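**Q** could you look at this predicted model? Sequence included:
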Amino acid sequence: MLGMLDQLKAKWEKTEVYKSIFRHSYQDTQRNRALQIVDNVFLHLHPVRISRHATNVGFTWGMGGITFLLFIVLTITGVILMFYYRPAAEYAYDDMKYLMNDVAFGPLMRNMHRWAAHAMVITVMLHMFRVFLTGSYKPPRQFNWVIGVILLTLTLFLSFTGYLLPWDQLAIWAVTVGTNMARATPLLGHEGPFGPELGMRIDNDVRFVLLGGTQVGPPTLLRFYVLHCIFLPLVGAILMIVHFWRIRKDGGISGPDVDSKKV
Amino acid sequence: MEHFFKIISKPDNVPIILMLLLTIFYTWLAMSKARKNDEQTSSEESKLADKVQVWPYLVKVEFLAALFVMVILTFWSFLLDAPLEEPANPALTPNPSKAPWYFLGLQEILVYFDPWIAGVLIPTLIILGLCAIPYIDINPKGNGYYTFKERPFAIVTFCVGFLLLWVSLIVLGTFFRGPGWNLFLPWEYWDTHRVVALTNIDFTELFGVPTRRVDDSLNPAAMIFGSLIIALWYFVPVAYLWLKRNSDFMRKMGLLRYGVTAFLLMTMAAVPVKIILRLTLNVKYILVTPFFNI
Amino acid sequence: MPEEKDVTADPGANEQRPPVKKTLPPLTSSRPAGGAARSLPPIASARPAGQPAARAAATPTPASQQLPDTSAPTAARPPAPPPVAPVKPTPTSEPQSASTASAPKPPAEIRKPKQDKPPENDNGIWRMSRKNFLNVASWFSFIGFLATATLGAIRLMVPRVLYEAPSAFKAGFPDDFIIGEVNEKYKDEYRVWIVRNEEGFYALSAICTHLGCTPRWLDTENKFKCPCHGSGYHRDGVNFEGPTPRPLERLKITLADDGQLLIDRNIKFLYEKQEWTKSEAFLKYS
């Protein structure tokens, strides 16, 4: 029986179909280990070899990778939530109730989306903390740190725009408090220093552009929805690509300089 | 106290507990690693500098980490429901009404500063300052391993900013700010009708210079006095620069880099100073002008 | 950086592969970290620092090193080490041995390879002169297009018409109000309090001047209190506690032709600008 399976497997591995998909065998050899990375579009984000301390969770805390994982989780659960959600003030809250009460696994998906979002904010902050403490922003990785800071900001914005979408009391007031700060933007807000002097009114300042109205209302919901589902994830994904690519271009994950006194 | 546990165990506050515990743990972890490295001539990391193949050694770790996170996340999502309150009502402000938890540090600062500072200027400076870090930190040491001794100033500054001015203020804003944004201690009940007398005065008035004259117009003397105090605050690094102008450090820093660093540091230090001034002396503003107040 | 030294030390190699070299990232030369690579046993240690040129061809990535057996994409292998070597996708396999590495050099320095100079007889797209007027004009129109598109996008976010509650509304007859009461009837719909005292009426905007929350009128404590950050206002709208920088705003209040109160929320009167004394900020009525 087993012999037959082996024969079948051997036969299958000789077919054109198999060979067209897999370029190398799975046998655990040095060469295959390398090919495993090099021949895979996703894994070839990694180099083939890496210094041992970079695999040490005590050193990296794994926070960057976990952040990326959470981003993927958020994308998947977010897409699923979009099947049941309409970003209009009359429907949004009812859709939430519907999702939470009448959809199988609806609550699970929503909970996962929310908790993963919170967790992502935490892991991003801890990732930054680790990178600072190991001095990994120092040359030649300065610019990658800057990209990381922008990604941190985007993460906060993503979470913030998502906060409004349930359209409940928690959402509307958290966002009201948050966006009201934009009133006070110097020069560009109608209550900021020199804002009124430059002709800023409640219906043309930077806060209005963000909200699409003079207060948090239906247009705001739509704007935040678009930002949350399309614009910010897109920008974030592009910057993530740059971030990961720069890690490798800048010499891989930071490590001790063997030249210095710390040998 | 029972009431406090109720607040702590609110589903939306679980992440904050998580953040607090993780931050404490990782600070401890980093510091103990740094101490170990500082005591030895070679860092732990350089002992592990030999190469291993990514497949399987790194991919394995990533896979396990992903499994671990997914298990936690799934259980978390099964056990705790994300909150959904009453439908949005623009006319009814809940009391207290709070921003998302990661902005509560900023919301806390809003108590002490005008919105254009706390809501716009400080966040902008935080982002720009973070971006500037690699360009103003010229210390080449401590790149790629945990250490404290080789860059004490950088690490202390960052920890003050991150742990004290960000994480602690978030915790304070979540757990200790109740109705009316009043300060409530853990054993106190969140009483909506609690009255706290907040009679604030301006800093200049501590010295007998009133902000407004009898006819309610602004007092130029107070404006000059207030501006002087702020100028004096930012003059400290200038004086330091003058004292140390011939030092090796200054030569390496360069004027621009020193200026940016000093401005960011003094601004960051001004935040806790103003908080303390408010909490001890009830100071509202340092400087009042027709356009803005500081 | 070994590669660049390799290249410049070996003119023969230069001529072999000029196009590849242009893409050679000069930044790699300033890579003082990448550090861990240095103790890399198989490649780096096999390679004393002093004589890099010999190995220009022998420094492919470990992957390609391990390739020379079967089914690999063989075409590129034996004759073509030069194109592979300088491109070097994996920095971790960088054979920077400790002594050649550029540790003492300032990190930000970008060294230009010697052979990198502008192409001859080829103006590229950046050289502007009168001769290529079209070039200049194209650039200007491109920038102009971008600027216009940006401005248009911003303008698009500010619609011409808003579907919000009208700014002016009638609030019923004055005699329906009780003297000394803060009327909350129009708070939900229009965010306005109407207060009547012995002398007449004034309308207060129910928007906290701190961050725009809706304050509450606490009758027992005789004050407006904002739940967001604890700002407090007296009955007349003047702030006395909390972080708010200024008093509540008063709104235009007049009598309509039919004798009802008419309130226009778009016309505000600010205490700090001494506007509360204006006639429309206060409706005399007794």
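**A** Here it is on my side, so go on.
**Q** please count neighbours and contacts with C-alpha atoms only from this point.
**A** Will do.
**Q** can you tell me which residues in the stretch 51-200 of chain B are near chain C?
**A** Selection of the stretch 51-200 of chain B residues close to chain C by Cα under 8 Å from any Cα of the partner chain yields B:51, B:90-98, B:110-115, B:143, B:179-182, B:197-200.
**Q** and residue B:34, how many neighbours does it have?
**A** 22 (other Cα atoms under 10 Å in any protein chain shown).
**Q** and for residue A:41?
**A** 10.
**Q** roughly how far apart are it and chain C?
**A** 14 Å (Cα to the nearest Cα, to the nearest Å).
**Q** chain B versus that residue, what's the distance?
**A** Using Cα to the nearest Cα, residue A:41 is found at 14 Å from chain B.
**Q** now do residue C:226
**A** Where chain B is concerned, residue C:226 sits at a distance of 6 Å (Cα to the nearest Cα).
**Q** of the residues of the stretch 51-200 of chain B next to chain C, buried ones?
**A** Among these, the ones that count as buried by 16 or more other Cα atoms under 10 Å in any protein chain shown are B:51, B:90-98, B:110-115, B:143, B:179-182, B:200.
**Q** from those, which are also near chain A?
**A** B:51, B:90, B:93, B:94, B:97, B:98, B:115, B:143.
**Q** now tabulate the residues you listed in a markdown table and tack on distance to residue B:219 and secondary structure.
**A** Below are those laid out as a markdown table (distance: Cα to Cα, whole Å; DSSP: H, G, I helix; E, B strand; the rest coil):
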| residue | distance to residue B:219 | secondary structure |
| --- | --- | --- |
| B:51 | 70 | strand |
| B:90 | 39 | coil |
| B:93 | 37 | coil |
| B:94 | 39 | coil |
| B:97 | 36 | coil |
| B:98 | 36 | coil |
| B:115 | 23 | helix |
| B:143 | 53 | coil |
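**Q** so of those residues, which two are at opposite extremes in space?
**A** With Cα to Cα as the measure, no two of these lie farther apart than B:51 and B:90, at 59.4 Å.
**Q** buried set for the longest helix seen in chain C?
**A** As assigned by DSSP state H, the longest helix anywhere in chain C is helix C:133-156. Across helix C:133-156, burial judged by 16+ other Cα under 10 Å covers C:135, C:136.
**Q** tally of neighbours for the residue lying closest to residue C:195 once chain neighbours are set aside?
**A** Leaving aside its sequence neighbours, residue C:195 sits nearest to residue C:182 (Cα to Cα, 6 or more residues apart in numbering or on different chains; 4.7 Å). For residue C:182, the count of nearby residues is 22 (other Cα under 10 Å).
**Q** where in the chain is pLDDT low?
**A** This is for chain A. When residues are selected by pLDDT under 70, those of chain A lie in A:257-263.
**Q** right idea, wrong chain: chain C
**A** In the predicted model of chain C, residues C:1-114, C:123, C:125-131 satisfy pLDDT under 70.
**Q** cutoff 50 now
**A** C:1-106 (pLDDT under 50).
**Q** which stretches in it count as strands?
**A** Using DSSP state E, the strands found in chain C span residues C:168-170, C:182-183, C:192-196, C:200-205, C:216-218, C:223-225, C:232-233, C:239-241, C:250-255, C:261-269, C:283-284.
**Q** deepest of those, which one?
**A** strand C:232-233 (a mean of 26; mean count of other Cα atoms under 10 Å in any protein chain shown).
**Q** touching the helix or strand that residue A:241 is a member of from outside, list them.
**A** With secondary structure defined by DSSP states H and E, residue A:241 is part of helix A:232-249. Residues outside helix A:232-249 that contact it (Cα atoms under 8 Å, 6 or more residues apart in numbering or on different chains): A:45-47, A:141, A:144, A:147-148, A:151, A:154-155, A:157-158, A:253, C:89-91.
**Q** okay, the ones next to chain A among the buried ones among the residues of the stretch 51-200 of chain B next to chain C in JSON lines with pLDDT next?
**A** Formatted as JSON lines, those follow (pLDDT from 0 to 100):
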{"residue": "B:51", "pLDDT": "86"}
{"residue": "B:90", "pLDDT": "78"}
{"residue": "B:93", "pLDDT": "75"}
{"residue": "B:94", "pLDDT": "77"}
{"residue": "B:97", "pLDDT": "76"}
{"residue": "B:98", "pLDDT": "82"}
{"residue": "B:115", "pLDDT": "82"}
{"residue": "B:143", "pLDDT": "87"}
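**Q** would you list those in TSV and tack on distance to residue C:208?
**A** Output for those, formatted as TSV (distance: Cα to Cα, whole Å):
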residue	distance to residue C:208
B:51	61
B:90	13
B:93	11
B:94	14
B:97	13
B:98	15
B:115	12
B:143	49
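**Q** for those residues, which one is nearest residue A:166?
**A** Closest to residue A:166, out of all of those and judged by Cα to Cα, is residue B:90, at 14.4 Å.
**Q** ok, that closest one to residue A:179 distance?
**A** Distance of residue B:90 to residue A:179, computed by Cα to Cα, to the nearest Å: 14 Å.
**Q** could you tell me which residues of the stretch 151-263 of chain A lie near chain B?
**A** A:153, A:156, A:160, A:163, A:166-175, A:177-178, A:181-182, A:184-186, A:192-194, A:216, A:254-258, A:261-263.
**Q** now, of the residues you listed, which are buried?
**A** Neighbour counting with 16+ other Cα under 10 Å marks A:153, A:156, A:160, A:163, A:166-175, A:177-178, A:181-182, A:184-186, A:192-194, A:216, A:254-258, A:262 as buried within these.
**Q** which ones among the residues you listed map onto helices?
**A** Members of those lying in helices (criterion: DSSP H): A:153, A:156, A:160, A:163, A:169-175, A:177-178.
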